[in-house]
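*Asks:* no sequence for this one, just the structure:
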């Protein structure tokens, strides 16, 4: 904000929790933002926050920052817009939900486990930016024991179709129907695509840690969530206990 009390529109959008500043720029140029009833689709616009500022027709205001960790159940989408009427993860928040909250990264509908929700766009951008993204761990349960050929290939790097996949670590558990996979920057459906290419059927895919934050340490049942301060969640993610899968 400058000495006239104005700030760039994308900064205001980020402060509302709509998106990171980079994501807010995309919203602006796609014509989804109105200021006092007029679409603003070029970058560089400045606002004071006293205007009527709308995102997809909904008026925005600066919300108090929220940091939520939820144990996402299977069968819930990471979206607020679904044309088929399926359940979304925000329904689990009940009265704690507000339209400023969004998911950081995602888990597909059939996956479960740790998911971070927030309305702090800058915080979210820090977590997902390639230069600062954090390791995430997944426990994969298959219908039959998994071969070491798959785990070695995933850890070494392999091509599935025209996409290259490589895990930081891929290890068989004592029960060889279970595999622990650690990713740095997961691609869309990465684990499912790799296991499918080896003809394994995944029965359960659960995210069990994000950085140093472990699902088992949070004692969250499926569908439960906890609120954190920014300092608390940052400490958990960057300085949490050993996850058992870190290098």
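*Replies:* Cool, got the structure. None of the values given here were measured: they were computed from a predicted structure.
*Asks:* Low-confidence stretches in this structure?
*Replies:* Along the chain, segments meeting pLDDT under 70 span 1-5, 240-247.
*Asks:* if we go to 50?
*Replies:* 1-3, 241-247 (pLDDT under 50).
*Asks:* Domain-wise, how is it divided?
*Replies:* Domain assignment of the chain by automatic domain parsing yields the ranges 7-59, 67-132+212-239, 136-210.
*Asks:* residues in contact with the residue nearest the centre of the chain?
*Replies:* Centroid-nearest residue in the chain: residue 105, 1.9 Å away (criterion: Cα atoms, centre = their mean). Going by Cβ atoms under 8 Å, 6 or more residues apart in numbering, residue 105 touches 115, 116, 127, 128, 136, 186. Where C-beta positions appear, they are placed from N, C-alpha and C, glycine not excepted.
*Asks:* What is the burial count for the last one?
*Replies:* Close neighbours of residue 186, defined as other Cβ atoms under 10 Å, add up to 19.
*Asks:* That one contacts residue 136, correct?
*Replies:* Yes - judged on Cβ atoms under 8 Å, residue 186 makes contact with residue 136 at a distance of 6.5 Å.
*Asks:* which SS state does residue 186 fall under?
*Replies:* Three-state call for residue 186 (DSSP: H, G, I helix; E, B strand; the rest coil): coil.
*Asks:* what residues are up against residue 192?
*Replies:* 108, 202, 205.
*Asks:* Same question for residue 15.
*Replies:* Here residue 15 is in contact with 62, 121 (Cβ under 8 Å, 6+ apart).
*Asks:* Would you list the buried entries among the contacts of residue 105?
*Replies:* Buried by 16 or more other Cβ atoms under 10 Å: 115, 116, 127, 136, 186, out of those.
*Asks:* Okay, the fourth one and residue 85: tell me how far apart.
*Replies:* Right, residue 136. Noted for residue 136: a distance of 30 Å to residue 85, by Cβ to Cβ, to the nearest Å.
*Asks:* Check the second one too.
*Replies:* Between residue 116 and residue 85 the distance, using Cβ to Cβ, works out to 25 Å.
*Asks:* Equivalent analysis for the third one, please.
*Replies:* Distance, residue 127 to residue 85, using Cβ to Cβ: 30 Å.
*Asks:* With residue 95 instead?
*Replies:* For residue 95 relative to residue 85 (Cβ to Cβ), the value is 22 Å.
*Asks:* what do you get for residue 216?
*Replies:* 33 Å.
*Asks:* More neighbours: which of these two?
*Replies:* Taking neighbours as other Cβ under 10 Å, residue 216 and residue 85 compare with residue 216 leading, 11 against 5.
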